[in-house]
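> predicted model and sequence follow; I will ask about them next.
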Amino acid sequence: MSYLNMNDEELIPVVVELNILLADYHVYYQKLRSKHWNIIGKNFFDLHEKFEELYNDAKLKIDEIAERILTLRYHPMSKLEDYLKTASITEEAPLQTDSDMVEDTLNDHKIMLAQMTKIIEKAEEVSDEGTIDLIGAYIRELEKFSWMLNAWGKKTTENLKEDVVDAN
């Protein structure tokens, strides 16, 4: 039964990009678990908790992305081997400094945000509003997590841009 008002063949580029994001999220999830387990030092409590928050969020998104692919009437990628071959995010050494862990996580966010932009572009081409809505929300949330992690690494003497010029 066709419950979508979209052509299955036209959805293939969207599904391909969603599967790449699914692979990225799986690698990202495991990296966050590793960081959660291996963080040491003065920032242990803050980052141990933050990495747990991030991997719990990633776990939910993994399920939602797979279910979106199923909603589009395709099977999601589901083998670890395929995730590692497909993902743009790469594994890193588990023993890193706190600053390196945060920097690595921010780099992963940059990669995933770029992938999400590709998905939005493909979904717009076929008027796939459900995917656009889902991924748009992910972008907003990941940008917020990135801002928080970036702020963690700043010195308290650093300032944000203060002056905004009126366009009129």
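Yes, it's here.
> tell me how far residue 155 lies from residue 128.
Residue 155 is 43 Å from residue 128, where distance means CB to CB, to the nearest Å. Quick note: C-beta positions are derived from backbone N, CA and C, even for glycine.
> higher neighbour count, these two?
residue 128 (25 against 5; other CB atoms under 10 Å).
> ok, the more buried one - contacts?
Residues near residue 128 by CB atoms under 8 Å, 6 or more residues apart in numbering: 6, 11, 14, 72, 122.
> switch to 6 Å and redo it
Neighbour list for residue 128: residue 14 [criterion: CB atoms under 6 Å, 6 or more residues apart in numbering].
> tell me how far it lies from residue 13.
Residue 128 is 10 Å from residue 13, by CB to CB.
> what does residue 110 give?
Residue 110 is 22 Å from residue 13, by CB to CB.
> if we ignore the residues flanking it in sequence, what's nearest the spatially most central residue of the chain?
Nearest to the geometric centre of the chain sits residue 112, at 4.5 Å (CA atoms, centre = their mean). Leaving aside its chain neighbours, residue 112 sits nearest to residue 24 (5.4 Å; criterion: CB to CB, 6 or more residues apart in numbering).
> what sits against that neighbour?
87, 88, 89, 112, 115.
> show the buried residues in these.
Buried by 16 or more other CB atoms under 10 Å: 87, 89, 112, 115, out of these.
> can you give me the helices in this protein?
Counting by DSSP state H, the chain has these helices, from start to end: 12-38, 44-71, 80-86, 98-125, 129-152.
> what average pLDDT does the shortest one get?
When pLDDT is averaged along helix 80-86, the result is 97.
> mind listing what's buried along that helix?
Neighbour counts over helix 80-86 (16+ other CB under 10 Å) mark 83, 86 as buried.
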